[in-house]
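Engineer: Take a look and give me a structure for this.
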Amino acid sequence: MITICEVPAGTYPIGDNITAISRPAHTVPLAAFGIAQTTVTNIQFLAFIAAGGYQERRFWSEMGWHWQEGKEITRPFFYDNPLFNAPDQPIVGVSWYEADAFTRWLAEAEGLPWRLPSEAEWEAAAQGPDAEAPRPRVYNTAEQKIGYPWAVTEAGNTSWCGAQDMCGNVWEWCSTRWGKNWQTQDFRYPYNGGDGREDLSGSFARLMRGGSWFDPMSESSPTNRGRFLPGSRGSNIGFRLARRL
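Structural biologist: Model prediction:
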């Protein structure tokens, strides 16, 4: 069961005028959507594994299936690591391809339009119409020296819409393309959802947001735009779901 937090239709500020890749600060109109209250957990992802999600071609994009078959991937990278596999910890060690496949599986299983959030939706859910960072600023970042993601039941930070730990803990994959590779920023701000950046096909590097337990707090600004190759499976990268209301 995924608990969602409602984000009403409106115009939301995103970006900033400080960091080169987040410039310029601007606003984007968004339709109403729901964002998951927490990142997907190990126990939730286990259901995908148990249902044969890694073996079902229909849940994977063309490039995702090619990646999965070529590497013979059958489960997350840190599946057996006790630092990362507690039931209520965020799932980590999953690529963008795996996160995308999970959303397709869950959408079919529940009959609901689950997907990854766009980076504009993620930022709107994190800081809202008044551009306020989640409070309190209890972020699981490198400064905490914990060394792993804490459980989604921990008393971390809460955004204006009720979403928990959008800053710190784990990076969260978004649907949005960054560019053809990690170094090349083909899709710049201002955000334009109609210019191809929300195309789920191909092997483009994808945006990830929120910072993590491994990175300094400066990386956990709601406007910071991280990115990685879609096959990356870091111990500090997970994902959160979204869907239209």
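
Engineer: so how far is the longest helix along the chain off the chain centroid?
Structural biologist: Longest helix of the chain, by residue count under DSSP state H: helix 96-110. Chain-centre distance of helix 96-110: 13 Å, with C-alpha atoms, centre = their mean, to the nearest Å.

Engineer: Give me the helices and strands touching it, please.
Structural biologist: Judged by 3 or more C-beta pairs under 8 Å, 6 or more residues apart in numbering; DSSP states H and E, helix 96-110 is in contact with helix 42-50, helix 62-71, strand 171-179. Backbone N, C-alpha and C define where each C-beta goes, glycine included.

Engineer: Now the ones you listed in a markdown table, please, with extra columns for distance to residue 94, mean pLDDT and mean neighbour count.
Structural biologist: Formatted as a markdown table, the helices and strands packed on helix 96-110 follow (distance: least, C-beta to C-beta, whole Å; pLDDT from 0 to 100; neighbours: other C-beta atoms under 10 Å):
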| stretch | distance to residue 94 | mean pLDDT | mean neighbour count |
| --- | --- | --- | --- |
| helix 42-50 | 7 | 98 | 17 |
| helix 62-71 | 11 | 96 | 16 |
| strand 171-179 | 8 | 98 | 26 |
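
Engineer: between these, which one is nearest to residue 21?
Structural biologist: Nearest to residue 21, of all the helices and strands packed on helix 96-110, is strand 171-179, at 9.1 Å by C-beta to C-beta.

Engineer: ok and that closest one relative to helix 96-110, angle-wise?
Structural biologist: Going by axes from the mean of the first three to the mean of the last three C-alpha atoms, to 10 degrees, strand 171-179 is angled at 110 degrees with respect to helix 96-110.

Engineer: Partner strands of strand 171-179, with direction?
Structural biologist: Using DSSP bridges, the strands paired with strand 171-179 are strand 205-209 (antiparallel), strand 237-239 (parallel).

Engineer: Go through the helices and strands packed on helix 96-110 and name the closest to residue 164.
Structural biologist: Short answer: strand 171-179, nearest of the helices and strands packed on helix 96-110 by C-beta to C-beta, at 11.8 Å.

Engineer: Can I get the closest one in PDB, CA atoms only?
Structural biologist: Only the C-alpha atoms of strand 171-179 are listed here, as PDB (Å, rounded to 0.1, in the frame of the first residue of the first chain):
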ATOM      1  CA  TRP A 171      18.900  10.100  -3.900                       C
ATOM      2  CA  GLU A 172      15.600   9.600  -5.800                       C
ATOM      3  CA  TRP A 173      15.400   8.700  -9.500                       C
ATOM      4  CA  CYS A 174      13.100  11.000 -11.500                       C
ATOM      5  CA  SER A 175      11.700  10.300 -15.000                       C
ATOM      6  CA  THR A 176      13.500  13.200 -16.600                       C
ATOM      7  CA  ARG A 177      16.300  12.900 -19.000                       C
ATOM      8  CA  TRP A 178      19.600  14.800 -18.300                       C
ATOM      9  CA  GLY A 179      21.500  14.100 -21.500                       C
END
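
Engineer: how far is that strand from where the chain is centred?
Structural biologist: Computed by C-alpha atoms, centre = their mean, the separation of strand 171-179 from the middle of its chain amounts to 7 Å.

Engineer: same question, stretch 223-234
Structural biologist: 9 Å.
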